[in-house]
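>>> Generate coordinates for the sequence data below:
(chains A and B)
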There are 2 protein chains.
Amino acid sequence: MLKLFYFPGTVSLASHITLEEAGADYEAIRVDFLSAEQTKPEYLAINPKGRVPSLITEKGILTETPAILLYIAQRYPDAKLAPLDDIYELAQMQSFNNYLCSTLHVAHAHKQRGSRWADEESSFEDMKRKVPETVGNCYRLIEHEMFKGPWVMGEAYSTADAYLFNVSRWLEGDTLDIKNFPKIEAHRARMLERPAVQRVMPLHQR
Amino acid sequence: MLKLFYFPGTVSLASHITLEEAGADYEAIRVDFLSAEQTKPEYLAINPKGRVPSLITEKGILTETPAILLYIAQRYPDAKLAPLDDIYELAQMQSFNNYLCSTLHVAHAHKQRGSRWADEESSFEDMKRKVPETVGNCYRLIEHEMFKGPWVMGEAYSTADAYLFNVSRWLEGDTLDIKNFPKIEAHRARMLERPAVQRVMPLHQR
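Residues are numbered from 1 along each chain as shown, chains lettered A, B, ... in the order given. Alright, predicted model coming up:
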């Protein structure tokens, strides 16, 4: 049985939704960020990066959202969560997921996690001020260039949808107005109608 | 025929080496960063992110290194550049590549690209000062936890090796001493012996 380590408000939601969409046999284990459990030796023994998500498999532990999502899609091919039969389409999905992780998520993290990259209070404030611009640029690119509709990749739902839904929940906290991104707003509503999403969401409220 | 857009000193080296390892039929096109060609309309029409690498395929354009590397490995399976027959091992390779792109590369970018995330000169200086610590932490994790040896994934060479070789060329510029990371130092030497690497390197000198 797979085990997913998660915490509400983090990027672990995408993996959680995708396990549920896959019909996987899995257990979801909450890592208590409120008591900094992710920094304790017990959790670091699982994931030395001290982050979520971590996915325990029979063979070992997987980290990094785009890798976990691809793994779930390949493990449960009947759920059709990725275009596994077309290497170009699959690379497009990986490219989208990668952009969320290395550009959008990183831009967002400069709001509250500035101490990852600087030490001075004045730098943290500077970084914070720029978040609406940098994260906004990401959503403009997604809205106008990347999002095909009705799902991220077009007609077929994929792991990219769970990931976009996950990170776009941070949009309002970054003081952006989702009304400026009508495709992303419609996508959120469409995601909330999915039974898998409805089953998982109660665990991801704070 | 594939077309790869690259520039010396950037993360495009990993894709270039991997195309060469694959024996792919491709053309490498230098984007002149010195005249900011990557910000001009002609290039933005190819890649609206204004970055390299970009890979033009018969079906369209791919961006984001981990996605491009997986695509090349899947397109040329006989070259055995990824553990395509084992979804767990493949996810491990994707996880490693993803870590380089979303954590190590991002940490490194705070040295010279602080204006992506802040506006004040004092913040840029603060970020710059922290780079040896943050990038060093990444290499410690790779050296002690991730790197299996003799290649990143163990006995078999994979795309992760080209990617690690690419980013570890920035190590000295980030004022780190590669002697503190003996596995990574030995890996660099091993990579430089590969004919594919030797064929590509002359184009990546500045």
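
>>> From now on I want contacts and neighbour counts done on CA atoms only, so please keep to that.
Fine.

>>> mind checking the SS state of residue A:3?
In three-state terms, and counting by DSSP: H, G, I helix; E, B strand; the rest coil, residue A:3 is strand.

>>> is any part of the helix or strand bottoming out on mean pLDDT in chain A close to chain B?
Lowest mean confidence among the helices and strands of chain A (mean pLDDT, DSSP states H and E): helix A:41-46, at a mean of 94. No: if you take C-alpha under 8 Å from any C-alpha of the partner chain as the test, helix A:41-46 misses chain B, and the best it gets is 10.7 Å.

>>> Look through chain A and state the residue closest to chain B.
residue A:102 (4.1 Å; C-alpha to the nearest C-alpha).

>>> Make sure that residue is actually in contact with residue B:100.
No: counting by C-alpha atoms under 8 Å, residue A:102 stays clear of residue B:100, with 9.5 Å between them.

>>> residues contacting the residue nearest to residue A:22 when sequence neighbours are not counted?
Leaving out its chain neighbours, the residue that sits closest to residue A:22 by C-alpha to C-alpha, 6 or more residues apart in numbering or on different chains is residue A:79, at 5.3 Å. Residues near residue A:79 by C-alpha atoms under 8 Å, 6 or more residues apart in numbering or on different chains: A:21, A:22, A:23, A:73.

>>> Next, the buried residues of stretch A:180-195.
Within stretch A:180-195, the residues that count as buried by 16 or more other C-alpha atoms under 10 Å in any protein chain shown are A:181, A:183, A:184, A:185, A:187, A:188, A:191.

>>> Kindly report the residues of chain A close to chain B.
A:59, A:62-64, A:66-68, A:70-71, A:74-75, A:87-88, A:91-92, A:94-95, A:98-99, A:101-103, A:106-107, A:110, A:116-120, A:122-123, A:126-127, A:129-131, A:134.

>>> how about residue A:26, phi and psi?
Dihedral pair for residue A:26: phi -150, psi 160, per degrees, to the nearest 10.

>>> Counting neighbours, what do you get for it?
Per other C-alpha atoms under 10 Å in any protein chain shown, the neighbour tally for residue A:26 reads 16.

>>> I figured it was touching residue A:19, is that so?
Yes: at 7.5 Å, residue A:26 counts as touching residue A:19 under the criterion of C-alpha under 8 Å.

>>> Taking the contacts of residue A:79, tell me the two that lie furthest apart.
Farthest-apart pair in the contacts of residue A:79 is A:23 and A:73; separation 10.9 Å (C-alpha to C-alpha).

>>> Of those two, which one has the most company?
For residue A:23 versus residue A:73, neighbours defined as other C-alpha under 10 Å are more numerous around residue A:73 (23 against 13).

>>> Give me the nearest residue to that one, chain neighbours excluded.
Nearest in space to residue A:73, with sequence neighbours left out and distances taken as C-alpha to C-alpha, 6+ apart, is residue A:81 at 5.2 Å.

>>> One more: residue A:61?
Closest to residue A:61 by C-alpha to C-alpha, 6+ apart is residue A:55, at 5.6 Å.

>>> picking up where we left off before, pull the contacting residues for the residue nearest to residue A:73.
A:18, A:21, A:22, A:73, A:157, A:158, A:159.

>>> Among those, which one sits closest to residue B:145?
Closest approach to residue B:145 among those (C-alpha to C-alpha): residue A:73, at 26.3 Å.

>>> The closest one falls within a strand, correct?
No: with three-state DSSP as the criterion, residue A:73 is assigned helix and is not in a strand.

>>> Who are the packing partners of the lengthiest helix in chain A?
If you go by DSSP state H, chain A has its longest helix at helix A:121-141. On a contact count with 3 or more C-alpha pairs under 8 Å, 6 or more residues apart in numbering or on different chains; DSSP states H and E, helix A:121-141 meets helix A:105-109, helix B:121-141.
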